[in-house]
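Peer 1: for reference, the sequence and a predicted model appear below.
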Amino acid sequence: MSPPLAAKSRYSLQTRLVLAFGILLILFLGLAGFVLDRAFKESVAAAVEERLQLQINALIGVAEPDEDGFFLPGLQEARFSQINSGLYGFILDTAGNEVWRSPSALDLTLEQAGFMYQHVEAGQTMFGTMESQEQGRLSFASYGTFWPSFEEDLDAEFSFVVMETVEPTTAEIREFQSNLYVWFGGLALFLSIAQLLLLRWGMKPLQQLATEVSKIEAGEKDQLEQHYPPELQAVSNNMNLLIKSERERQSRYRTTLGDLAHSLKTPLAVISGILQQSKQKTSSGKNGNPESLTELDEQLERMNQIVSYQLKRATRSDKSGYLGVPVKVQPVIEKVIAALEKVYRDKQVTLEKDFDSDAVFRGEESDLMEITGNLLDNAFKYCHSRIRIIIKRNMDHLEIEIEDDGQGIAESDREWVLQRGARGDTLKSGQGIGLAVAVDIVSSYNGEIIVYTSDMGGARICVSM
């Protein structure tokens, strides 16, 4: 069973930057497009108003009053003379009555055009739009003028009205918007590609750093390179110092604890030898107490086990298993099996093996041998005749399963025998301290051991690291 994987970030750093800049680019280009479109429409509207004002000025310039109203000879704008040309001119009195219309408006009435007369003061211009039934949407300009009376019944104030269809300006706006979308779309695509390339170039040192860290974890490199930008150089230097200090500390631990183990083991070996001599003397009829010697021998053996176990715990107290060279699992287990088959030669154990030859252990070989040795020793000791061993990889995790056809471990005792750091004298009789030692080592690699019932009838020990 694999330990739960740590929750990973949904997006990488490069993806986050691409998304952030992409959203910013969309907002910027969208806002810029809106502003340009709005500015162009206002510019077109201003041009239309200016053009209508010029047309009114042209009408005023040639307008001559006569007995029927006004006479406008020599119209410079040819569209005023062409029927339904899209440009129409009117002159209205203060009551809104027509006193003149251009030839282009012969088929158009003010009611059809949707024009609502409003009085305009002399010298003022009113602009607007209206919806015509036949001509569609029209822009208009109404300019108020004051003319000296040439007849008593003719009003002195008049309104010059010019109307123009908006179709040309609408087409112009549509063409501008189409070009704007095309250019802004192309610009967005170009900037997106340029942004991605620049981000990849900018993130390349981080990717190189991640690659080198992976190689260090895999044991292919000893330290990080020094060719990094100033922002990452401090990180690189500190990581190199951390790696160096960690390896030096592990080496110092191994040396110190090896010396300690030697200094403790030697006196215990001497005491054990003396006890053996005393037991021989007792058995030959000389002075001695056989029972006390036997008890002392048992206590000495317990002391030996406890010292061995606590030394192994000390070596794992500050363990980091990710800087070692990866160890092939299959050769190590084959070596352990070969040794145990000699020890349990009389038992005639049948082994079933299912090994992934590419499985590796990222740690020290001695740790792997200690774990598998303890678990396989228990399997050989308590099985009847069969043992099954499975080695497989699950993503970045190593999984080892050891099953036997023995009596197994009662469900009520499974937590007890796997208590981390439990002392030898607190474990259930018959189990020794092998499982506790294995649990301690596996835990130092952030792994776990779980006990199940095997379909063979005995125990199934699952290790995941």
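Peer 2: Nice, thanks for sending it over.

Peer 1: drop to CA atoms for contacts and neighbour counts, all remaining ones
Peer 2: OK.

Peer 1: for this structure, which spans come out with low pLDDT?
Peer 2: Filtered on pLDDT under 70, the chain yields the residue ranges 1-10, 68, 148-155, 252, 255-270, 274, 277, 279, 282-325, 419-434.

Peer 1: let me see the domain layout of it.
Peer 2: 10-217, 230-316, 326-464 (automatic domain parsing).

Peer 1: please identify the deepest-packed of these.
Peer 2: With neighbours taken as mean count of other C-alpha atoms under 10 Å, these reach their highest mean count in domain 326-464, at a mean of 18.

Peer 1: need the distance between the two termini of it.
Peer 2: End-to-end span of domain 326-464 (C-alpha to C-alpha, to the nearest Å): 16 Å.

Peer 1: nearest to residue 223, out of the domains of the chain?
Peer 2: Residue 223 lies closest, by C-alpha to C-alpha, to one member of the domains of the chain: domain 230-316, at 5.7 Å.

Peer 1: pretty sure residue 76 sits in a strand.
Peer 2: No. Under DSSP: H, G, I helix; E, B strand; the rest coil, residue 76 sits outside any strand and is assigned coil.

Peer 1: who touches it in this structure?
Peer 2: For residue 76, the contacting residues are residue 58, by C-alpha atoms under 8 Å, 6 or more residues apart in numbering.

Peer 1: need the domains of the chain in TSV (columns: distance to residue 223).
Peer 2: TSV is the format used below for those (distance: least, C-alpha to C-alpha, whole Å):
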stretch	distance to residue 223
domain 10-217	7
domain 230-316	6
domain 326-464	16
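
Peer 1: ok, now how distant is the spatially most central residue of the chain from residue 17?
Peer 2: Geometric centre of the chain, nearest residue: residue 11, 0.8 Å, by C-alpha atoms, centre = their mean. Residue 11 sits 10 Å away from residue 17, going by C-alpha to C-alpha.

Peer 1: likewise residue 410?
Peer 2: As judged by C-alpha to C-alpha, residue 410 and residue 17 stand 55 Å apart.

Peer 1: same question, residue 187
Peer 2: Taken as C-alpha to C-alpha, the span from residue 187 to residue 17 is 19 Å.

Peer 1: likewise residue 58?
Peer 2: Residue 58 sits 60 Å away from residue 17, going by C-alpha to C-alpha.

Peer 1: now do residue 327
Peer 2: 38 Å.

Peer 1: what of residue 222?
Peer 2: With the distance defined as C-alpha to C-alpha, residue 222 ends up 32 Å from residue 17.

Peer 1: and the helices in this structure?
Peer 2: For the chain, the helices defined by DSSP state H occupy 13-62, 110-113, 167-217, 230-283, 290-316, 329-343, 365-382, 414-417, 434-444.

Peer 1: could I get those as TSV with distance to residue 124?
Peer 2: TSV is the format used below for these (distance: least, C-alpha to C-alpha, whole Å):
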stretch	distance to residue 124
helix 13-62	11
helix 110-113	21
helix 167-217	25
helix 230-283	67
helix 290-316	95
helix 329-343	97
helix 365-382	98
helix 414-417	98
helix 434-444	91
